[in-house]
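**Student:** Take this sequence and fold it.
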Amino acid sequence: MPTSDALAALRIISRFALASCVALCGQALAAPPLADPSGAGSGGPSGVPLGIGQPASPAQIASWDIDVAPDGRSLPPGSGSVAQGLDIYRGQCAGCHGEHGQGGVGEKLAGGQGTLATAAPVKTVGSYWPYATTLFDYIRRAMPMNAPQSLSADQVYAVSAYVLYLNGIVPQDAVLGATTLPAIRMPNRDGFSGDPRPDVLDQACMSACGK
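**Tutor:** This next block holds a predicted model:
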């Protein structure tokens, strides 16, 4: 068991640590807010500028603003054929998803139509996805896994065409672009229901928010 001298020493150390903590907390509370000479950032929850970061440039915003809506809004110019997509798919996609989209290390991309209502549904691009534009959006944003966003718009249109061809949705001679891709009706288009929550119907604020 500790001796009386050891217990006394522990009490002194504990009191010193407590006093130091109180002093430091008091200094932090009394410190003035950080200045924000650049004007960047809206600050923390209290609205006080934090003095970190910098305004994003139009080029930086554009590099992230690449989402594509279900109706095709924001699709870039360009086009690609099934034949072109086959070559790109073999070099960039088949290693993970299989030569015919049958899956492997990566997800199964083709087949599964007619299985969603069964005890063993197979969810693929052809059986489950409601919009062809989502395929373009996902490939451009995230594929190939080792080099996302490295494919050009033409290459993404071509790979999208090939994957849709594997699912029997477009013919072998199909050429897809910003006009033809949104016009494709996917087999499971009507298999989704809308979200009735009122907050999801609000328009996103893009400027002068909070005024």
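**Student:** burial count for Asp87?
**Tutor:** Neighbour count for Asp87, taken as other C-beta atoms under 10 Å: 13. Every residue, glycine included, has its C-beta placed from N, CA and C.
**Student:** Could you measure from it over to Gly191?
**Tutor:** Distance, Asp87 to Gly191, by C-beta to C-beta, to the nearest Å: 32 Å.
**Student:** Glu99 now?
**Tutor:** Glu99 sits 28 Å away from Gly191, going by C-beta to C-beta.
**Student:** Please verify my assumption that Gly106 contacts Ala94.
**Tutor:** No - the pair Gly106 / Ala94 is not scored as a contact, 9.6 Å apart, by C-beta atoms under 8 Å.
**Student:** And for Leu181, nearest residue in space, chain neighbours not counted?
**Tutor:** What sits nearest to Leu181 in space, not counting adjacent residues and going by C-beta to C-beta, 6 or more residues apart in numbering, is Ala132, at 5.4 Å.
**Student:** list the contacts for that neighbour?
**Tutor:** For Ala132, the contact set (C-beta atoms under 8 Å, 6 or more residues apart in numbering) comprises Ser160, Leu164, Ile169, Leu181, Pro182, Ile184, Met186.
**Student:** Please apply the same query to Leu75.
**Tutor:** Val68, Thr133, Phe136, Ala178, Leu181, Pro182.
**Student:** Drop anything exposed from these.
**Tutor:** For the contacts of Leu75, a neighbour count by 16 or more other C-beta atoms under 10 Å gives the buried set as Val68, Thr133, Phe136, Ala178, Leu181, Pro182.
**Student:** picking up where we left off before, and the pLDDT for the residue nearest to Leu181?
**Tutor:** Note on Ala132: pLDDT of 98.
**Student:** for it, phi and psi?
**Tutor:** phi -70, psi -30 (degrees, to the nearest 10).
**Student:** do the same with Gly80
**Tutor:** According to degrees, to the nearest 10, Gly80 has phi -160, psi 150.
**Student:** By neighbours, which of the contacts of Ala132 wins?
**Tutor:** Highest neighbour count within these, by other C-beta under 10 Å: Ser160, with 28 neighbours.
**Student:** what sits up against the one helix or strand it maps to?
**Tutor:** According to DSSP states H and E, Ser160 maps onto helix 153-166. The contact list for helix 153-166 (C-beta under 8 Å, 6+ apart) reads 76-82, 84-86, 88-89, 92-93, 100-101, 109-110, 125-126, 132, 135-136, 139-140, 143, 151, 170-172, 174-177, 181, 184.
**Student:** For it, buried residues please.
**Tutor:** Of the residues in helix 153-166, 153-166 count as buried by neighbour count, 16+ other C-beta under 10 Å.
**Student:** So of the residues you listed, which two are at opposite extremes in space?
**Tutor:** Farthest apart among the buried residues of helix 153-166 by C-beta to C-beta are Ala153 and Leu166. That separation is 20.7 Å.
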